[in-house]
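[1] Quick one, fold the following:
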Amino acid sequence: MPRPRSVTFVALLVFSMAVFNLVSVIGVVQAYTVLAGLGLSLPPWLLAAASGIWTIVFGVITIGLWRLKQWARLGTLAAVTVYLAQIWAERLFFGRSDYARVSTPFYSVMYLLLLALVWGILWRGRVRRAFSA
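    I've put the predicted structure just below:
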């Protein structure tokens, strides 16, 4: 069975999340001394490590989605959910700026829409059949 277009879309979305996290790692490494001196609520090495882990996770999942591996479908559901929960927790517990407080409702809606999109696509019957073939 050929890969459904919706799975290709999710694979590209997950790949873009991997690239975004890779860019984050590079940015933190390049500006490490500046970030270390700012007194951030989280140390820069933790930001780089978390982004590095997500880069690897999303990269591996992208390959699995592209090849229609069942573990990748389930891994995507789990990884996207945990990733957005982590971002949400960081925003709630470590967001100090007025911008973080004001933009929380907008990002809450965006996170929920992204979750609904990914879960909705990957739970469709045709998509599940494509992964089990």
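
[2] contacts and neighbour counts: CA atoms only from here.
    Fine.

[3] next structured bit after the helix or strand containing Tyr107?
    Assessed by DSSP states H and E, Tyr107 sits inside helix 98-122. Sequence-wise, the next helix or strand downstream of helix 98-122 (DSSP H and E) is helix 125-132.

[4] So which elements touch the helix holding Tyr107?
    On a contact count with 3 or more CA pairs under 8 Å, 6 or more residues apart in numbering; DSSP states H and E, helix 98-122 meets helix 5-30, helix 70-94.

[5] which other helices and strands contact the shortest one?
    Judged by 3+ CA pairs under 8 Å, 6+ apart, helix 70-94 is in contact with helix 44-66, helix 98-122, helix 125-132.

[6] so which of those comes closest to Ala78?
    Minimum separation from Ala78 across the helices and strands packed on helix 70-94 (CA to CA) falls at helix 98-122, 9.7 Å.

[7] got the angle for the closest one vs helix 70-94?
    160 degrees (axes from the mean of the first three to the mean of the last three CA atoms, to 10 degrees).

[8] if we can go back for a sec, by mean pLDDT, show me the worst of the helices and strands packed on helix 98-122.
    Lowest mean pLDDT of those: helix 70-94, a mean of 92.

[9] Contacts for the helix holding Tyr107 next, please.
    Residues outside helix 98-122 that contact it (CA atoms under 8 Å, 6 or more residues apart in numbering): 6-7, 10, 73, 77, 80-81, 84, 88, 91, 95, 127-128.

[10] coming back round to it: highest average neighbour count across the helices and strands packed on helix 70-94?
    Ranked by mean neighbour count, the helices and strands packed on helix 70-94 are led by helix 44-66 with a mean of 19 (mean count of other CA atoms under 10 Å).

[11] Distance from the chain centre to that helix, please.
    Put simply, helix 44-66 sits 8 Å off its chain's centre (CA atoms, centre = their mean, to the nearest Å).
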